[in-house]
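Student: Model the structure of this input:
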Amino acid sequence: MSAIVSRVRVEEIPLTTKPGRRPGRNLIIRLVGLVVSLAALWLVLHSVDLGQCATILSHANPIPLAACLFVIGCQVILRSVRWRLLLPAPRHGGTLKVRRVLPAMLVGYLGNAVLPARLGEPIRAYLVARREDLDAAEAFGSVVLERVVDTATLALVAFVAAIAVHAPSWIIQATGLAALIGIGVTAAIIVIGPTPLVRIARRIVARLPIATRVEPLMSRLDDFARGIDRPSRSSAVVVAVVISAICWGLDATTFWLVAQSIGVPVNPASALLIAAVTVLGTALPSAPGYVGTFDLAASTTAQALGVAAAPAVALAVLAHAATVLPTAGGGAISLVAMNVRLGRLATEAAAAEAGAAADADAAATADAEAAAASADGTDAV
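Tutor: This next block holds a predicted model:
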């Protein structure tokens, strides 16, 4: 990995600086995430023997943990391949290489680990667009599309695993609902396309009294649609779904290896369900690194499957470290190799994302004016 990122250099591409998120909104997001994380940590720790957890962790077998590094490395490479499929082609021509996408993805993982509100996602989109001369709106749209595909696939995998292990009804119902929504959204993107869906949403919202308040969200949806609406996109989405399923299998393997290292009796199907519910739980607002939400989701699911409280919490803590630290470390190496700072990237990414949304809004307005002018001309005839 270090050999790959050592050949990377960030090419400076001028950007027009536009206002990003409002400071007040950022503060609210951070406070909400902090409160949720503290509440989750309290729920995890208040009824467990911490001394017993520490004893379990101190006797962990390092061999399965070392195997986790190999599994996580394979997963990161596959996710880079998937993202490359969803990204646009460089504007100067040529083919986007996986080895050029990989460092940007690792920096994004680092951003998610140390910054609030999943800021690593816009950071990696901005970084790859700047380095590879990609259309900014399409780069940001590719990240949103990737998240949609990944979450939908994960929900379906979780639902199947929940049925296979005869999980409690609340887990089956929750994962089933998430799978139904995810499959519906993904199928609509593949069959109908995002642009018609956004147009329908705009018509519905225009009739509501809150139309002006949700306009920023609609602008983001315009950005998303413009970023992924290309003729070749459907086949790429199908391949991305397959890769996502393989990646979630590898993620479950990591949880199973962690369980083996501390002697927790978890079979592969149960590990798949624990991993899936844990990742879905990290969608909640939290402090950087999914502190609290990751551990609560993992330990609660493990206990629901029959694991005692102390081993379940130990499994959650060790799996958290095993999945977050290697990718965050890879992101730190990538930052050093590219000679950039994460804080500066976060500021520039927020400005670029806001600029892409503004451009998408302007494009939508221009299209509406052109349609109105065309209609006026027809009426005149």
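
Student: from here on, contacts and neighbour counts on C-alpha atoms
Tutor: OK.

Student: quick one: which helix or strand includes the residue nearest to the spatial centre of the chain?
Tutor: The centroid of the chain falls nearest to Arg147 when counting by CA atoms, centre = their mean (4.8 Å). Arg147 belongs to helix 136-164 when assigned by DSSP states H and E.

Student: Now that helix: buried residues?
Tutor: 136-146, 148-163 (16 or more other CA atoms under 10 Å).

Student: Which strands and helices lie in contact with it?
Tutor: Applying 3 or more CA pairs under 8 Å, 6 or more residues apart in numbering; DSSP states H and E, one finds that helix 136-164 contacts helix 62-86, helix 120-132, helix 169-191, helix 215-228, helix 233-261, helix 268-281, helix 342-380.

Student: tell me the angle it makes with helix 233-261.
Tutor: On the basis of axes from the mean of the first three to the mean of the last three CA atoms, to 10 degrees, helix 136-164 is oriented at 50 degrees to helix 233-261.

Student: what is the orientation angle of helix 136-164 with helix 62-86?
Tutor: Using the same axes, to 10 degrees: helix 136-164 against helix 62-86 is 130 degrees.

Student: what angle sits between helix 136-164 and helix 169-191?
Tutor: Interaxial angle, helix 136-164 versus helix 169-191 (the same axes, to 10 degrees): 140 degrees.

Student: Give me the average confidence score over helix 136-164.
Tutor: Averaging pLDDT along helix 136-164 yields 90.

Student: And Gly33, what's its pLDDT?
Tutor: For Gly33, the model assigns a pLDDT of 86.

Student: In space, what's closest to it - neighbours in sequence excluded?
Tutor: Ser286 (3.6 Å; CA to CA, 6 or more residues apart in numbering).

Student: same deal with Trp256?
Tutor: Nearest one to Trp256, counting by CA to CA, 6+ apart, is Ala271 at 5.3 Å.

Student: The residue nearest to Gly33 reaches Ala117, doesn't it?
Tutor: Yes. Ser286 lies in contact with Ala117 (CA atoms under 8 Å); the separation is 7.3 Å.

Student: what about these two, which has more around it?
Tutor: Between Ser286 and Ala117, counted using other CA atoms under 10 Å, the more crowded position is Ser286 (27 against 22).

Student: Report the separation between the more buried one and Val148.
Tutor: Look at Ser286 and Val148: by CA to CA, to the nearest Å, they are 20 Å apart.

Student: do the same with Pro311
Tutor: Counting by CA to CA, the gap from Pro311 to Val148 is 33 Å.

Student: Same question for Val191.
Tutor: Look at Val191 and Val148: by CA to CA, they are 15 Å apart.

Student: just checking, Ala328 touches Pro103?
Tutor: No. Contact between Ala328 and Pro103 fails when scored by CA under 8 Å: they sit 11.2 Å apart.

Student: burial count for the nearest residue to Leu38 once chain neighbours are set aside?
Tutor: Spatial nearest neighbour of Leu38, excluding adjacent residues (CA to CA, 6+ apart): Gly292 at 6.7 Å. When neighbours are defined as other CA under 10 Å, Gly292 has 28 of them.
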